[in-house]
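Engineer: this one's structure only:
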């Protein structure tokens with residue numbers, strides 16, 4: 001049985017519509033973030049790492065755009081709970097869809113990689129609504145948040161599996177020619193491997209590389225770019241080209257470097273829509289301290 005708070009939140013979400021309804025909610029939320037400036041020091045430090053020599057005003061502008069992106073991503077996720085058809089209706093442009101179709105035609109499944117950029121929930125929802133895809137997600141510790149977020153994602157046709165579930169399930173999805181979605185831009189933590197990201201050696205998530213190595217499934221980068229609120233372009237890049245060497249570790253490292261490069265391209269394409277507030281370069285931070 002669905003939690004009462006989750007039901008109430010979903011009911012509220014369905015009242016949000018593009019236009020003045022959403023603007024009324026967005027403006028005070030954006031203003032609050034501008035005043036509170038959560039994790040602004042982390043964000044600006046990341047900007048210095050990625051864009052050496054960036055000016056103070058440029059950092060202020062990027063941070064402002066990032067805060068706006070967080071607010072609109074949330075409101076858009078809420079709003080399409082009214083009807084999953086909005087996932088496609090609000091997608092005015094799709095570039096590179098032929099890469100997805102060709103990859104599935106190959107019969108080995110598809111590994112989709114994206115980042116916390118643009119509306120990353122829309123990127124996952126669009127793929128899950130139009131193809132058979134399971135997204136790998138880290139569930140929140142709060143049972144309310146976990147149930148709410150899962151309900152919102154499942155409403156579009158996207159399937160979800162937790163990061164702590166057995167790897168064999170993910171491999172099985174690919175072997176049945178299904179899609180696997182992975183958000184690959186955050187720090188890899190204890191399970192990551194050291195590879196360059198924007199030229200800085202740091203821990204990176206290796207999940208996409210491991211699954212590709214085990215199954216031969218192609219890795220396809222996907223990004224949802226917000227052209228304006230509730231108005232998106234899906235950008236699908238060609239499959240990442242890699243070669244399987246005898247050394248498993250070396251191959252996985254090499255693939256991860258290529259995944260990082262694909263994420264870098266996403267950030268450079270729309271830097272104001274990236275989640276700069278994450279501590280992506282923890283090793284460099286420690287070096288500076």
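Structural biologist: All right, it came through fine. None of the values given here were measured: they were computed from a predicted structure.
Engineer: for the chain, which strand is longest?
Structural biologist: Longest strand in the chain by number of residues (criterion: DSSP state E): strand 219-228.
Engineer: any idea of the mean pLDDT for the helix ranked longest in the chain?
Structural biologist: Secondary structure of the chain per DSSP state H: the longest helix is helix 56-79. Mean per-residue pLDDT for helix 56-79: 98.
Engineer: try stretch 246-264
Structural biologist: According to the model, stretch 246-264 has a mean pLDDT of 97.
Engineer: what's that stretch in contact with?
Structural biologist: With Cβ atoms under 8 Å, 6 or more residues apart in numbering as the test, stretch 246-264 has contacts from 113, 115, 184-185, 193, 195-198, 204-206, 208-210, 212-213, 219, 221, 237, 240-245. For the C-beta atoms, the positions are set from N, CA and C on the backbone; glycine is no exception.
Engineer: That stretch: which residues count as buried?
Structural biologist: Across stretch 246-264, burial judged by 16 or more other Cβ atoms under 10 Å covers 251-260, 262-264.
Engineer: how much distance is there from it to the middle of the chain?
Structural biologist: 18 Å (Cα atoms, centre = their mean, to the nearest Å).
Engineer: again with stretch 234-247
Structural biologist: With Cα atoms, centre = their mean, you get 18 Å for stretch 234-247.
Engineer: got it, and stretch 89-105?
Structural biologist: That offset, for stretch 89-105, works out to 17 Å (Cα atoms, centre = their mean).
Engineer: what helix or strand does the spatially closest residue to residue 45 that is not a sequence neighbour sit in?
Structural biologist: Excluding its sequence neighbours, the residue lying closest to residue 45 (Cβ to Cβ, 6 or more residues apart in numbering) is residue 285, at 6.9 Å. Assigned by DSSP states H and E, residue 285 falls within helix 282-288.
Engineer: now what about that helix, what contacts it?
Structural biologist: By Cβ under 8 Å, 6+ apart, helix 282-288 touches 45, 49, 187, 194, 200, 201, 202, 203, 279.
Engineer: Please list all residues in contact with residue 106.
Structural biologist: Contacts here follow Cβ under 8 Å, 6+ apart; on that basis residue 106 touches residue 218.
Engineer: Locate the residue of this protein with the greatest distance from its centre.
Structural biologist: In the chain, counting by Cα atoms, centre = their mean, residue 246 sits farthest out from the average C-alpha position, at 31.2 Å.
Engineer: Just to be sure, that one is in a helix?
Structural biologist: No. Going by DSSP: H, G, I helix; E, B strand; the rest coil, the assignment for residue 246 is coil, not a helix.
Engineer: Distance of it relative to residue 195?
Structural biologist: 20 Å (Cβ to Cβ, to the nearest Å).
Engineer: Quick one: the strands in this structure, in order.
Structural biologist: Assigned by DSSP E, the strands in the chain fall at 91-95, 110-114, 133-137, 159-162, 179-183, 193-197, 200-204, 219-228, 231-236.
Engineer: Would you tell me which of those gets closest to residue 67?
Structural biologist: strand 219-228 (13.5 Å; Cβ to Cβ).
Engineer: Name the strands paired with that closest one and say parallel or antiparallel.
Structural biologist: Counting by DSSP bridges, the strands paired with strand 219-228 are strand 110-114 (parallel), strand 231-236 (antiparallel).
Engineer: Going by neighbour count, list what's buried in it.
Structural biologist: Per 16+ other Cβ under 10 Å, strand 219-228 contains these buried residues: 219, 220, 221, 222, 223, 224, 225, 226.
Engineer: got those residues as TSV, with pLDDT and distance to residue 232 columns?
Structural biologist: What follows is the buried residues of strand 219-228, written out as TSV (pLDDT from 0 to 100; distance: Cβ to Cβ, whole Å):
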residue	pLDDT	distance to residue 232
219	98	22
220	98	17
221	98	16
222	98	12
223	98	10
224	98	5
225	98	6
226	98	6
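Engineer: Between those, which sits nearest residue 168?
Structural biologist: residue 219 (19.5 Å).
Engineer: Okay, the closest one and residue 261: tell me how far apart.
Structural biologist: Distance from residue 219 to residue 261, by Cβ to Cβ: 12 Å.
Engineer: quick revisit: in the helix holding residue 285, what counts as buried?
Structural biologist: For helix 282-288, by 16+ other Cβ under 10 Å, it's residue 284.
Engineer: and if you look at stretch 230-243?
Structural biologist: 230, 232, 233, 234, 235, 236, 237, 239, 240, 242.
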